[in-house]
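*Asks:* Turn this into a structure:
(one chain, ligands or ions: 1)
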Amino acid sequence: MTDPLQRRFRGSAKISEYDILNQKLGEGTFGVVSKARSKRTGAMVALKKILMHNEKDGFPITALREVKLLKMLSHVNILHLEEMAVERQAVDEKGKTGKKKATLYMVMPYMDHDLSGMLTNPDIVFKTSQIKCYMQQLLEGLRYLHDAHILHRDMKAANILISNKGILQIADFGLARHYEGETPRSGCGNGVAVRDYTSLVVTRWYRPPELLLTLTRYTPAIDLWGVGCIFAEMFEHRPILEGKSDVDQCHKIFALVGNPTETTMPGWSQLPGCDGHKEFEKSSGNIADRFGRAMGKEGLDLLKKLLRLDWRTRINAVDALKHEYFTTEPLPSRPEDIPRYEDSHELDARRRGNEKQRNLPPAPAGGTVGMGPDEWHGSGPPPYQNGYGYRDRGPQYGRDNRGPPPNMPPRGYDDRRGARAPSFDPQPPSGRRPQWQDERDRNARPTNGHALPPRPVDPLRSNVPSRDSLPPRDRDPVRRGGPDVDVYIPNYSAGPDRPSADRAAQRNGYRDADGPPRGSYRDHDPPPPRYRDNGRDRGGHGDARRTRSRSPNHGRDGRDDHARRERTEDRERDYNRR
Ligand SMILES: Nc1ncnc2c1ncn2[C@@H]1O[C@H](COP(=O)(O)OP(=O)(O)OP(=O)(O)O)[C@@H](O)[C@H]1O
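*Replies:* Coordinates of the predicted model:
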């Protein structure tokens with residue numbers, strides 16, 4: 001019998017199969033999310049329209065990445081992509097008829113709330129048992145992702161969706177990518193990264209200190225920092241670290257958890273971005289004063305482990321699930337016991353916030369894309385030597401991101417004076433406006449009620465100049481971006497071809513289509529969840545099904561897919577070697 005939790009990607013449909021309801025749920029830089037009803041099944045869905053800012057660039061590569069990753073994932077705590085819907089318009093926006101233009105929508109089950117919307121709704125008050133239930137589900141989803149070698153890279157309350165049945169799902173995989181390092185194991189922190197990635201990820205308020213200090217050899221620990229921020233946000237009902245700039249963000253972090261030292265964050269003083277932070281006032285942090293009372297001893301202990309400055313010893317999802325916070329009173333609620341609320345989404349929060357908090361500063365500009373002034377054009381390896389970025393401490397951006405970090409002024413900008421030093425020439429030699437500037441303007445939009453800074457724009461979402469517009473020597477992608485450019489696109493397709501999740505599942509002894517065999521938990525599995533059941537404890541594996549990883553589904557033409565996969569992997573290996 002097919003397991004109802006084993007969900008499948010159906011393929012593509014026509015947009016006419018849906019009634020789009022006049023209700024916008026969310027709006028990001030690269031997608032607008034609306035509520036709709038399926039004419040076929042009557043089910044409510046969310047349609048995420050993929051915006052193409054520049055037609056010539058074609059389908060945004062990060063949307064492609066999000067679609068591909070979501071297709072291969074199947075877990076009750078990860079938002080499921082049901083299908084893609086296509087809209088063909090013969091008439092363009094200016095009323096001209098011509099070539100048919102296609103607009104694509106991602107079709108996902110409708111979720112009643114996102115956490116950001118819920119937390120800014122004054123009518124919603126969370127009980128501790130409810131927070132524990134959400135935290136357990138969030139960590140289960142993350143454990144599954146990390147086990148499948150995927151980094152989310154944009155953990156924030158607005159990307160956590162919750163249904164009125166109490167189910168929590170992680171959404172928005174626009175910045176997610178495959179991770180090459182070891183998957184986290186119990187008692188081993190988050191492992192060691194084996195290569196560099198762009199540090200231009202994660203919305204600033206949820207960005208971990210190692211990324212703010214521009215570590216490029218990072219691990220799944222970056223997502224756990226975000227979980228810590230979200231955990232604490234559930235108690236304060238607003239983001240806990242609202243930095244106004246990257247420097248201010250570090251300031252706020254250090255005020256909360258203490259200044260970095262060689263004990264609390266070994267190697268911090270070698271990180272390329274550390275320079276501005278050495279003169280900070282000494283602080284031992286106020287985390288206990290701020291959260292101790294509301295969270296209790298166990299909650300505070302979990303928070304401290306999630307917000308550890310040292311990314312190597314920051315708790316991983318496997319161990320966090322085993323934390324005694326989840327086994328002490330009050331026990332986590334069962335999802336079905338959580339009260340139902342009226343729908344709350346990021347946009348409602350934004351509307352509410354704009355009325356109530358009109359005086360809040362506008363959302364900081366964000367995003368850096370394009371080739372930027374510091375793009376590496378040389379032959380041979382770019383001038384970085386270690387996992388901390390450039391050895392020469394030269395440009396602190398433009399290394400792998402082709403532009404300054406989000407919300408960081410461009411080089412030559414003096415943060416304290418708030419003015420651009422005259423040495424900075426914003427125009428590239430071609431006279432073309434640097435693309436990160438365009439992107440900043442585009443991102444200068446009001447966000448939710450808390451004026452959430454926009455997340456960094458993935459360089460892949462940029463209007464990177466077309467290959468033909470580049471001089472011949474720069475047409476080679478490796479030369480263009482250097483080997484450090486974060487250009488990963490998963491090379492696998494729907495269900496049948498999910499290598500990383502497959503391998504993780506096989507390694508862990510999962511059977512196809514029915515999840516891990518009952519009673520054979522892996523050594524790093526958390527103890528079976530204990531739910532509060534009207535005063536009685538419910539333990540055991542009966543309920544574990546709710547949150548257990550589903551194994552990927554092998555498919556129709558396994559051999560073909562396998563061969564194709566191997567070919568692509570070979571090509572990828574070649575590329576990386578080069
Ligand atoms: N399946 C869904 N059901 C209900 N609401 C949803 C769903 N998916 C997304 N939303 C709403 O839309 C918002 C934006 O979605 P998402 O983060 O996927 O878009 P995005 O364009 O990547 O946004 P951003 O750039 O701000 O991260 C979410 O915060 C949520 O409120």
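
*Asks:* mind listing what residue 250 touches?
*Replies:* For residue 250, the contacting residues are 209, 212, 213, 243, 276, 277, 280, by CB atoms under 8 Å, 6 or more residues apart in numbering. C-beta: built from backbone N, CA, C; applies to glycine.

*Asks:* For the third one, report the pLDDT, please.
*Replies:* To tie it back to what came earlier, the one meant is residue 213. Listed pLDDT for residue 213 reads 93.

*Asks:* I'd assumed residue 274 was in contact with it.
*Replies:* Yes. Look at residue 213 against residue 274 with CB atoms under 8 Å: they come within range, at 5.2 Å.

*Asks:* Return every residue with contacts to both of those two.
*Replies:* residue 268.

*Asks:* between these two, which one's more packed in?
*Replies:* residue 213 (27 against 22; other CB atoms under 10 Å).

*Asks:* For stretch 36-45, give me every contacting residue.
*Replies:* Under CB under 8 Å, 6+ apart, the answer for stretch 36-45 is 17-21, 35, 46-47, 82, 107-110.

*Asks:* That one vs the ligand: in contact?
*Replies:* No. Stretch 36-45 lies apart from the ligand when judged by CB under 6 Å from any ligand atom; the minimum separation is 7.4 Å.

*Asks:* And stretch 155-162, by the same measure?
*Replies:* Yes. Using CB under 6 Å from any ligand atom, stretch 155-162 reaches the ligand at 158, 159, 161.

*Asks:* The ligand: which of these is nearest?
*Replies:* residue 158 (3.9 Å; CB to the nearest ligand atom).

*Asks:* Got phi/psi on the spatially closest residue to that closest one that is not a sequence neighbour?
*Replies:* Nearest residue to residue 158, sequence neighbours excluded (CB to CB, 6 or more residues apart in numbering): residue 116, at 4.0 Å. Per-residue torsions, residue 116: phi -60, psi -40 (degrees, to the nearest 10).

*Asks:* Hmm, residue 116 is touching residue 162, no?
*Replies:* No. Shown here, residue 116 and residue 162 do not form a contact pair, counting by CB under 8 Å, at 10.5 Å.

*Asks:* Can you tell me how far the residue nearest to residue 158 is from the ligand?
*Replies:* Distance of residue 116 to the ligand, given as CB to the nearest ligand atom, to the nearest Å: 6 Å.

*Asks:* Repeat that for residue 175.
*Replies:* Per CB to the nearest ligand atom, residue 175 is found 8 Å from the ligand.

*Asks:* sec struct for residue 24, please.
*Replies:* At residue 24 the chain is in strand, as set by DSSP: H, G, I helix; E, B strand; the rest coil.

*Asks:* out of everything not next to it in sequence, what's closest to it?
*Replies:* With CB to CB, 6+ apart, the residue lying closest to residue 24 is residue 34, at 5.5 Å.

*Asks:* Is it correct that that neighbour falls within a strand?
*Replies:* Yes. Counting by three-state DSSP, residue 34 is part of a strand.

*Asks:* That one against residue 15, yeah?
*Replies:* No. Look at residue 34 against residue 15 with CB under 8 Å: they stay out of range, at 11.0 Å.

*Asks:* Now for these two: what residues contact both?
*Replies:* With CB under 8 Å, 6+ apart as the test, residue 34 and residue 15 both reach residue 47.

*Asks:* three-state assignment of the residue lying closest to residue 243 once chain neighbours are set aside?
*Replies:* Leaving aside its sequence neighbours, residue 243 sits nearest to residue 249 (CB to CB, 6+ apart; 2.8 Å). Of the three states, residue 249 takes helix under three-state DSSP.

*Asks:* give me the number of residues near residue 249?
*Replies:* 22.

*Asks:* Closest to residue 302 out of the contacts of residue 250?
*Replies:* Of all those, residue 302 sits closest to residue 209, with 18.4 Å by CB to CB.

*Asks:* pLDDT at that closest one, what is it?
*Replies:* Note on residue 209: pLDDT of 96.

*Asks:* Let me see the contact set for it.
*Replies:* Here residue 209 is in contact with 225, 250, 253, 254, 260, 265, 268, 309 (CB under 8 Å, 6+ apart).

*Asks:* Please repeat the previous calculation with a cut-off of 6 Å.
*Replies:* 253, 309 (CB atoms under 6 Å, 6 or more residues apart in numbering).

*Asks:* looking at it, the residue nearest to residue 158 is touching residue 159, isn't it?
*Replies:* No. At 8.4 Å, residue 116 and residue 159 do not qualify as touching, with contact defined as CB atoms under 6 Å.

*Asks:* contacting residues for residue 330?
*Replies:* Applying CB under 6 Å, 6+ apart to residue 330 gives the contacts 128, 129.

*Asks:* before we move on, what about residue 195?
*Replies:* Residue 195 neighbours (CB under 6 Å, 6+ apart): residue 180.

*Asks:* Now do it against residue 178, distance only.
*Replies:* Note on residue 195: its distance to residue 178, by CB to CB, to the nearest Å, is 11 Å.

*Asks:* And residue 77, by the same measure?
*Replies:* Distance from residue 77 to residue 178, by CB to CB: 19 Å.

*Asks:* Over to residue 109?
*Replies:* Residue 109 sits at a distance of 25 Å from residue 178 (criterion: CB to CB).

*Asks:* do residue 328 as well
*Replies:* From residue 328 to residue 178 the distance is 37 Å (CB to CB).

*Asks:* ok, those two, which is more surrounded?
*Replies:* Set residue 328 next to residue 178 and count neighbours by other CB under 10 Å: residue 178 wins out with 19 against 14.

*Asks:* Would you mind naming what in the stretch 101-250 of the chain lies close to the ligand?
*Replies:* Counting by CB under 6 Å from any ligand atom, the stretch 101-250 of the chain sits next to the ligand at 108, 109, 110, 111, 114, 158, 159, 161, 171, 172, 174.
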